[in-house]
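predicted structure and sequence below. I'll ask about it afterward.
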Amino acid sequence: MTRDLLVADFGKKDYLETWNLQKELVRRKILGELSDLLILVEHPDVITLGRKGKLEDVLTSQIPVYSVERGGEVTYHGPGQLVGYPIIDLRSRSFDVLGYLRGIEEALILTLKEFGLPAERKEGHTGVWVSDRKVASIGVAVRGWISFHGFALNVNTDLRKFQLIRPCGLQSDVITSMRALLGKEVALTSAKKKFVENFSAVFNYSSTIHVDEYFVAQEILVA
């Protein structure tokens, strides 16, 4: 069976706007009107609380805070971070939600290894680690067996921003980035390219088709 993955790179985009768009895409996807879609985006400073998040873990009032449907606790999104939102139909897959999470982890691990970083899972934690430092967070939601929300990979992220929260119930100094680990800036475009390749391979897509934000908006408008 041929499976195509649409990939939409939104560049820098407001979190609330992207969140609302995800929910509309999920609605359309439940109706069977859309192909599987991976949104890649970089957000301005924002803090999100997952289903287990506690407002007392937010240590600032200077950044927008949103309570959302994803799993997990509190996290930060900002410039230099690669955020991905797969809107895919899990009903056509041979795994459950846990298997889906492990698939995202695997795609991130493979991507980091291509940059020379020995990434791995850590027992008892969701996300991806290099030694005792967390470099990527994952928090997903599923509605009608359609996934949304997703992952955040710290590529060139300003790690000082994590001092404004208790990230995922951890100390802020546990969080790292590719730049910190490698000691140099990493091209976000390269990280995106490698991740798309690995995500497509892990989830057995026949091909990836790159579309723009305008295409995604038009798909919604013609509903």
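The structure has been received and is ready for your questions.

tell me the contacts of residue 205?
Residues in contact with residue 205 (Cβ atoms under 8 Å, 6 or more residues apart in numbering) are 3-5, 36. Heads up, the C-betas are built off the backbone N, CA and C, glycines and all.

got any ranges where the chain has weak pLDDT?
Within the chain, the stretches with pLDDT under 70 are 1-2, 219-223.

again, only this time at 50
Per-residue confidence for the chain (pLDDT under 50) gives these ranges: 223.

in it, where's the longest strand?
strand 133-143 (DSSP state E).

quick one, which of the contacts of residue 205 are buried?
Among these, those buried by neighbour count (16 or more other Cβ atoms under 10 Å) are 3, 5, 36.

ok, the residue positioned nearest the centre of the chain to residue 127 distance?
In the chain, the centroid-proximal residue (Cα atoms, centre = their mean) is residue 151; its distance is 2.1 Å. To residue 127, residue 151 is 8 Å away according to Cβ to Cβ, to the nearest Å.

list residues touching both of these two?
Shared contacts of residue 151 and residue 127, counting by Cβ under 8 Å, 6+ apart, come down to 136-138.

got a winner among those for most neighbours?
Neighbour tally across these (other Cβ atoms under 10 Å): the maximum, 30 neighbours, falls on residue 136.

tell me the spatial nearest neighbour of it, not counting adjacent residues.
Spatial nearest neighbour of residue 136, excluding adjacent residues (Cβ to Cβ, 6 or more residues apart in numbering): residue 128 at 4.0 Å.

and that neighbour, which of the three is it?
Applying DSSP: H, G, I helix; E, B strand; the rest coil to residue 128 yields a three-state assignment of strand.

quick one: it and residue 105 touch, right?
Yes - counting by Cβ atoms under 8 Å, residue 128 does reach residue 105; the two are 5.7 Å apart.

more neighbours, those two?
Between residue 128 and residue 105, counted using other Cβ under 10 Å, residue 128 has the larger neighbour count: 26 against 21.

quick one: residues contacting the more buried one.
105, 108-109, 112, 119-121, 134-136, 138, 153.

so residue 52 versus residue 157, what's the distance?
22 Å.

about what we covered before: which other helices and strands contact the helix or strand just after the longest strand of the chain?
Sequence-wise, the next helix or strand downstream of strand 133-143 (DSSP states H and E) is strand 146-154. Packing partners of strand 146-154 (3 or more Cβ pairs under 8 Å, 6 or more residues apart in numbering; DSSP states H and E): helix 15-30, strand 81-87, helix 97-114, strand 133-143.

just the CA coordinates of strand 146-154, formatted as PDB?
Provided in PDB are the C-alpha atoms of strand 146-154 (Å, rounded to 0.1, in the frame of the first residue of the first chain):
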ATOM      1  CA  ILE A 146      -5.700  11.000  14.900                       C
ATOM      2  CA  SER A 147      -2.500  12.300  16.500                       C
ATOM      3  CA  PHE A 148      -1.700  15.900  17.100                       C
ATOM      4  CA  HIS A 149       0.800  17.900  19.200                       C
ATOM      5  CA  GLY A 150       4.200  16.100  19.000                       C
ATOM      6  CA  PHE A 151       7.800  16.800  19.800                       C
ATOM      7  CA  ALA A 152      10.400  19.600  20.500                       C
ATOM      8  CA  LEU A 153      14.000  19.100  19.600                       C
ATOM      9  CA  ASN A 154      16.400  21.700  21.100                       C
END
